[in-house]
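> Provided below for reference: sequence and predicted model.
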Amino acid sequence: ARGTEIGGQSQIGPGQRVVGGIGVAQADAVHEEECHSHPRMVPVFAAFASCYKRAPMSLTQPASFPEHGSTHGVHLRDGRLAGSPGPEAPAFAARGALYCVYPRAFSPRGTLAAVVPQLDRIAALGASALWLLPIHPIGLRARKGSLGSPYAIRDYRAVNPEYGTREDLEALVAAAHARGLKVILDLVVNHAAPDHSLVLERASRALCDADGNPTRRVSDWSDIVDWRFDDAFVVEHLLVSALGWIEAGIDGFRCDVAGMVPLEFWNELRRRMGPERFLLAEWQDAAHHEHAFHASYDWQLYRALRDVALGEKYALAVGAALRSWQENFPRNAVPLRFVENHDEPRAMAVMGRERLPANLAVAFLSGGLPLIYNGQEAGASHRPSLFEREPVDWHGLEGDLPRLHADLVARAVAWGPGPVSLVETDRPAAVVAFTRKTLAGHGAVVANLGRHAETVEVSLPARFAQVNGTGTHEGGALHLAPGEAWIGETQ
């Protein structure tokens, strides 16, 4: 979530056992300090904090940090949670796609207000929710680039003046809600800017090095410091900050590097904000879905699609990734499925226009929550920097990619969520095939992810009518161009 290759070494040892909780009288003092130390705190946060005069939590600092390579952020827990239900996602997660807006890059103006005129177009793609990359003021100390990363947050309770005002955010949320779109914010609680007021007041609230200087566990993230979750004041500040936005009408959060934050924090956030607000983890850990999270990134599927596109793996890896989610995650866990995001190269740069349709069909029709990153639907090939202003090139909106995205999202909604059943083919190096139960019957996808045309023998379990073309299929050969997907439904 930092716009660079994740790496570095942990600068702390394994998580320490700490004494949790403080007295109620001390809790009142914490909240008093909270309000007095932030005189410009917007009223909703001050009022909300006063309602939560409880003993703040003191948590064990996690030793987890991002790993290099294909296993980064993936923790399957040996399949022991596959039989559990997990929290049930809000209805909107099965009603369309999640559309990600990076406000700085979304328009030449780079403001929240500039998003409003595009909401009808976003809704027409089949989106059911907006995810806004962090909207808060950015730190000045150790800033990267001329504008700094939105993930180096200086104040969780304010709106970045570069993007506009709190009233601009409220207007965007109201306009989205009027169109049936939910709005979730990016919640970044593992770390903050070095000049966050809590760190300036007391350096020990952040992870510190041997000399007592605030630091972080990932060396490349030089514009942030990690919070100490064994500091009860920090934990309560983060919880109240998040809950204040819920109170203000936000519908949930995408939770940055969720696995670097103690699981107890997320469980407590879920307990306080209730079951209906959406939580998406930027991680892939089955344990997140026991109590807290509705959805997680399906990193395994994305990396498999990417590696096949780059010629580094066979299409068998895609089937293995689909099977892995089903064999290891709770039943209600929703996989976020995507071909690009703000941290990864653009799909057009990796897969190219020719092979994009097959990759989108697999990602969007395999039973998860489809993600569209702003500009993806226009075929943008440049990933905007997190540190500078680089507006998205929208010229591709005049082509056929918006319709391709909209049609696949509409098909995903019509099919509903659910697991896939993999189907064997005689071209496993290039072609992946699966069927799945839909809301009205069964669907089938046969996708050529390879670089060459394929004539593939596939035996489907029923007679399927092609819905992205003409004809039927129940056995025999299919002729697929590179990047072509055959999509069918039972008659």
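Received the coordinates, thanks. What you are looking at is a predicted structure, and each value in this text was computed from that prediction instead of being measured. Residues are numbered from 1 along each chain as shown.

> stretch 279-295: which residues count as buried?
Buried positions in stretch 279-295, judged by neighbour count with 16 or more other Cβ atoms under 10 Å: 279-290, 292-295. Where you see a C-beta, it was placed from the backbone N, CA and C, and this is true even at glycine.

> strands - which of those land there?
Counting by DSSP state E, the buried residues of stretch 279-295 place 279-281, 284-285, 295 in strands.

> before we move on, the earlier item: list just the nearest of the buried residues of stretch 279-295 to residue 79.
residue 286 (8.0 Å; Cβ to Cβ).

> what about the helices in this structure?
24-36, 43-50, 103-106, 119-124, 166-178, 197-201, 232-247, 263-273, 299-309, 316-328, 347-350, 352-365, 401-415 (DSSP state H).

> what are the buried residues along the longest one?
Under the neighbour-count criterion of 16+ other Cβ under 10 Å, helix 232-247 has 232-246 buried.

> out of these, which is nearest to residue 403?
residue 245 (34.6 Å).

> and the gap between the residue lying closest to residue 195 once chain neighbours are set aside and residue 387?
Distances taken as Cβ to Cβ, 6 or more residues apart in numbering put residue 141 closest to residue 195, at 4.2 Å, once the chain neighbours are dropped. For residue 141, the distance to residue 387 (Cβ to Cβ, to the nearest Å) stands at 15 Å.

> OK, contacts around residue 299?
With contacts defined as Cβ atoms under 8 Å, 6 or more residues apart in numbering, the neighbours of residue 299 are 72-74, 284.

> which pLDDT value goes with the closest residue to it other than its chain neighbours?
In space, and not counting its chain neighbours, residue 299 is closest to residue 284: 4.8 Å by Cβ to Cβ, 6+ apart. pLDDT recorded at residue 284 is 97.

> before we move on, what about residue 15?
33.

> hmm, back to that, surely the residue nearest to residue 195 meets residue 199?
No: shown here, residue 141 and residue 199 do not form a contact pair, counting by Cβ atoms under 8 Å, at 9.5 Å.

> need the phi and psi values for residue 392.
Dihedral pair for residue 392: phi -60, psi 140, per degrees, to the nearest 10.

> and the spatially closest residue to it that is not a sequence neighbour, what does it touch?
Leaving aside its chain neighbours, residue 392 sits nearest to residue 375 (3.9 Å; criterion: Cβ to Cβ, 6+ apart). Residue 375 is in contact with 105, 346, 384, 392-394, counting by Cβ under 8 Å, 6+ apart.

> next one: residue 254
Neighbouring residues of residue 254 by Cβ under 8 Å, 6+ apart: 131, 184-187, 280, 282.

> for it, which non-adjacent residue is spatially closest?
Using Cβ to Cβ, 6+ apart, the closest residue to residue 254 is residue 280 (4.5 Å).

> buried set for stretch 480-491?
In stretch 480-491, counting by 16+ other Cβ under 10 Å, buried: 480, 482-490.

> returning to what we had before: now flag whichever of the contacts of residue 375 is closest to residue 273.
Nearest to residue 273 among the contacts of residue 375 is residue 105, at 29.3 Å by Cβ to Cβ.

> how many other residues sit next to the closest one?
Close neighbours of residue 105, defined as other Cβ atoms under 10 Å, add up to 23.
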